[in-house]
Structures are given as structure tokens and as C-alpha cells.
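1. I'd like to go over a predicted model; first the sequence, then the structure.
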Amino acid sequence: MPFKLSALYITTLVFCIIEFLSFSGIIYGWGALVFVLKEQGYFTDDCPVNSTEVVTVAPNTTYRYSDANGELNQSANGGCDMNQGGCKQQDEMLNLVFTISAFTLQGSAFFWGLIYDRLGTRVTRILFSIIEVCGCLLIAFSTKATSIMVIPAMAFLAAGGIAVLIANMQVSNLFGHRKSTIMTGLSGCFDTSSSIMLFVKLAYEANISLRISFLFLAGCTLLFNINTFILLPSKHIPYPLPPGYTARGCRKDGMVEIQHQGEEDNVMMENVARSNGENPKANEEEHDNKPAENDDRAMAMKAAETARCTDFPTLKSCLLSPLFILALLYVAILQLRMIFFLGTFNPWLEALAECDNETVSFYTTVFVFCQSTGLVMSPLCGLLLDRNKSKANMSTRGPYQDLLDSALAFAVTSALFGLFSITILIPILEVQYVTFILHVITRAFLYSLVASATPIFFPIQYFGTIYGLLIGLAGIFGLLQYPLFLLWTNFLNNDPFYVNIGLLLLCGLTFSLPAYIVIHVKRKSTLGVPIPSD
């Protein structure tokens, strides 16, 4: 690959990473933002004024909301005085905000997938840029009296965030057999972007208002224009890359066949190649002279894609397959486990910290800081997926080897979620450092795996639609998070033990997906398809 072409690929990737870090998964820093919103008194209008409401937030410890302002104060059994104000109604409204925004992120994925598949990259990026700006401005100009503005604001940030992910995942197509590693790295950036809310919290504690922080974020959306109008094609980046492809496209003959971008884009892409000092004919000759190993890689990738197209010739065949149904069950259960933890993080932490405001602030900062390490954790999943691609001759890999390799990654992710669910059950504050770390790892693995495995399971032409459906339908299932929160607060004496036990048992069901993958691939091998033993 020529140096200039490599530099162009890397530049495109770098700007995608900046976009991911700035906006994609920003709503998952909710634990930090909700602390600031409580400090500012958002959603306290419904707090009880002339009644005393008693709740139990931990075994043998009872607290009550005061008559005067709904604050949580000490009863005879405890030692708690939450000076930041608030009440159960406020917690329920804030939890509802997160539930709606989480559902919007997941539920809108299907529609973004359709827009991306049908209208291409540029239209998708223009739309999500506008939505992100609207979300930032709504929070910037919201106040305690207009707390309701936070609901559409978070929904906009969520919808724009998932669109960033869907539109930018195609950049991994530029990096050949390391596609899975790049995809999981980008998913890690999605996780790390939650740290933006930590910076908002730290800025607030440094007397920088919420308005200034979000006006600054709104201005940062101008960065989107670099990839939208300069580096990325107006439609899609094909996979596998045809000979002579540049970061903006490839020669006319390859583009029409693989990408269907049209005459205008083809001419533009040839001009980009020439402007980089490249000769399309020279690129073709260089491609013909590449080592046999690269040819083996190309043949292996093409064989795998051909097998997927044969097994799933239509979108309907994909959606009705056991593979899709089990993948949907897998994502839905594990995502509910994760969302329930994030949505109830603040009241759960207040109970463990006995409502000590400084302790809650400290552990919230530690948690959101841990979330920022998702960028480090996610590539581990990609390396797990790509573990067999560099040590064996690519010519010996069967068309279903990528699918078989993914089984271990799915099993490891399920096991990690089970361990995460167990540590949550331990009512010791110091143990939750382990919970925070496990949360980062499980979340990084989950989203990295879903993004990377979708093109391994199904033809690349359906990626946007199928990925959007997986996340969207799982988002509908994730709406159970709010009823579970109400069950916890209103019927289980504010003790989440039994809810967490139920979620732990559900996590056990997710092992059905890796088991099915192994059985499915072995069945294919009995039909004469070569499956290497390694």
C-alpha cells in the first residue's frame, strides 16, 4: 500500500475516532450528569412537601423524605443526611429520562441503518450533525424550571450517537484482515465517549456552568464536516476493497460493480488518486505483484462473503434465521442488564454510601473515569475474533472459520456479564471497584462484538439494516428497565437483590448463542465445507 494512501486511511480513521470520543456514547455517562442535575434541583417540583415518605434503601437501614423539601434524612435506624436534596419522585423522573434516551439510542438504530443503506454516508452524517447540535443546545438552555427539556435533549444526543457509530463503522473496511480489530476499537471509543459527562461534572465543580459546557460541545460538531465533505465518500466504502481503491473510492470499473456510487463519484475518486501522485494503472500493476499471502487473504474473505450470500440470499432469510433470533436474545438480555445498572446507578450508590454526598461524588467520578478506558478494552475483543488470522495460511481457512472464531468471544462476554451480575449483589462499597471494572469490560465487549459479528454472520450489504434491527429490538426489550426500577422502589422495599438475581439468571441464557454457532459450523463441516481444526 503506498505511503500517501496509508496516510489518507489513517487520517480518516483519526477523525472518526475524534467523533466517536466526542459524541457517540455520551448518554452512558449519565451517572455523572445526573449528579449535576440533582445538584441543580432538576425534577424536584414533584417532591412531597406536606407528607413524610419512608423508604428502606438497604437491609436494616430506613430513611425518610422530610416534610419540608423532600430531602432524604436520617431515621432512627441510620446515619444519613443527603444535603443535595431530592426525593423518590426525582429519582423516578431521572430514571425515566435515561430509559427514554437509552431506548432512543437503540430504537433509532434501525431507522439510521435504513437511511445509511439507502441514502449513503453523507446524508446520514448531515442529519446526525443537526440532531447532536439540537441536543446540546436544549441542555445548555435548560433550567430547573424547564427540567422537561432534558428529556428531548438526551433523546437527541442518543439518536445522534448511534448514527455516529453506524455511519463510521465502514472505515474499518479500509484495513483489510484487521477489520474486526478496527471495529472493536471504534466501539471502544463509543464506550469511552461517556467520559465527556465526567468532564462536564468536573467543569461544574470548577464553577463552569452546564450551559457553557454544552455550548462548547455544540461548537465541536463542526469537526463532523471534515469527514462528511472531505474524507469520506458520499455513499459507502466497499468490502473487500477493490484494486486501486483510495480513501475516497476506487477506479470506475470496481466502483460500479461493488458500490454502485455512480459516475460522478467514480470520476472524483480517480482525481483523488491522481492528486496523491498515484497512477491508477500503476496501482493495478502493483496489486497484481502483491505476495501470494495477500491474495490468499482476499480469496478467504471473498469465499466467506460468498458463503454468507449463499446462506442468506435475502434480508428476510437473515431475519428468520436461528442465528439472528439467538443474536437478538443475546443482545437484548445483556443490554437490559447493563442499562438497568446505569439507570439505577445513582440511587444504588447512594444506598451503599449511606447518602454521603462526598462519597457518592467520589465513586461517581471513579466509575465514569473507568468507563473512559473502554477504548483500551474493546480491541481485546477484536484480537479475540482475529486470533487465528495471522498465524495460519489464509488459504487453509474455510468460509465459516470467522463464524466459528466468534463463538469463543460470545462465550467469554456472557461469562463476564455473569461475574458482573454477581459482584453487584455484594453490598460492600469497596467491592464495587471490581464492579466498575467489569462493567467497562462487559460493555466494551458487548458493543464491539455486536458490531463486528454482524458482518461475520450476514452479508455485508445488509449490515446497516440488521445491526439497526438488533440494537433497535433489543432497545424495546430494554424498556423493561423502568418497570424493574419501579418494582425495586415500590414493592421490594428499595432492595434490588431479587431483581439482580433475576437478571443474573437471564444472563445464563445467552450461552445459547455460542453453543448454536459451534453446532451450526460443525453441521456445515459434515456437508463437505472445510473447517480447519485450529
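-> Everything's here; your move. Residues are numbered from 1 along each chain as shown.
2. after the helix or strand where Val150 lies, which helix or strand is next? Please name it.
-> Element membership of Val150, judged by DSSP states H and E, is helix 150-168. Where DSSP H and E defines the elements, the next helix or strand beyond helix 150-168 is helix 179-192.
3. what's the angle between that next one and helix 150-168?
-> 160 degrees (axes from the mean of the first three to the mean of the last three CA atoms, to 10 degrees).
4. send me the helix or strand just after helix 179-192 as CSV with only the CA atoms.
-> Using DSSP H and E, the helix or strand that follows helix 179-192 towards the C-terminus is helix 195-205. Extracted as CSV, the C-alpha positions of helix 195-205 are listed here (Å, rounded to 0.1, in the frame of the first residue of the first chain):
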residue,chain,number,x,y,z
SER,A,195,-16.2,10.3,29.9
ILE,A,196,-17.5,13.6,28.2
MET,A,197,-20.1,13.7,31.0
LEU,A,198,-17.3,13.3,33.6
PHE,A,199,-15.6,16.4,32.1
VAL,A,200,-19.0,18.2,32.4
LYS,A,201,-19.2,17.2,36.1
LEU,A,202,-15.6,18.3,36.8
ALA,A,203,-16.2,21.5,35.0
TYR,A,204,-19.3,22.1,37.0
GLU,A,205,-17.4,21.5,40.3
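5. dump the following helix or strand past helix 195-205 to CSV, restricted to CA.
-> Next in sequence after helix 195-205, counting helices and strands by DSSP H and E, comes helix 210-220. Presented in CSV, the C-alpha positions along helix 210-220 are these (Å, rounded to 0.1, in the frame of the first residue of the first chain):
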residue,chain,number,x,y,z
LEU,A,210,-23.7,23.4,32.4
ARG,A,211,-24.6,26.0,29.7
ILE,A,212,-21.0,26.8,28.8
SER,A,213,-20.0,23.1,28.7
PHE,A,214,-22.8,22.1,26.3
LEU,A,215,-22.4,25.2,24.1
PHE,A,216,-18.8,24.2,23.7
LEU,A,217,-19.9,20.7,22.8
ALA,A,218,-22.3,22.1,20.2
GLY,A,219,-19.5,24.0,18.6
CYS,A,220,-17.4,20.8,18.4
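6. quick one: list the elements packing against helix 210-220.
-> Packing contacts for helix 210-220, counted by 3 or more CB pairs under 8 Å, 6 or more residues apart in numbering; DSSP states H and E, involve helix 121-140, helix 195-205. To be clear about C-beta, it is placed using only N, CA and C from the backbone, and glycine gets the same treatment.
7. so which bits of that helix are buried?
-> By neighbour count with 16 or more other CB atoms under 10 Å, helix 210-220 contains the buried residues Leu210, Ser213, Phe214, Leu217, Ala218, Cys220.
8. ok, and what's touching it?
-> Helix 210-220 is contacted by residues 22-23, 36, 40, 132-133, 136-137, 139-142, 196, 199-200, 203-204 when judged by CB atoms under 8 Å, 6 or more residues apart in numbering.
9. low-scoring stretches of the stretch 1-150 of the chain, by residue?
-> 1-5, 49-86 (pLDDT under 70).
10. now the strands for it?
-> 53-58, 61-65, 72-74 (DSSP state E, counting those that start in this stretch).
11. and Tyr447, how far is that from Leu506?
-> According to CB to CB, to the nearest Å, Tyr447 and Leu506 sit 18 Å apart.
12. with Met93 instead?
-> From Met93 to Leu506 the distance is 27 Å (CB to CB).
13. what residues are up against the nearest residue to Thr465 once chain neighbours are set aside?
-> Spatially, and ignoring its direct neighbours in sequence, Thr465 is nearest to Gly113 (4.8 Å; CB to CB, 6 or more residues apart in numbering). Gly113 makes contacts with Ile166, Phe463, Gly464, Thr465, Ile466, Tyr467, Gly468, Leu469, as judged by CB under 8 Å, 6+ apart.
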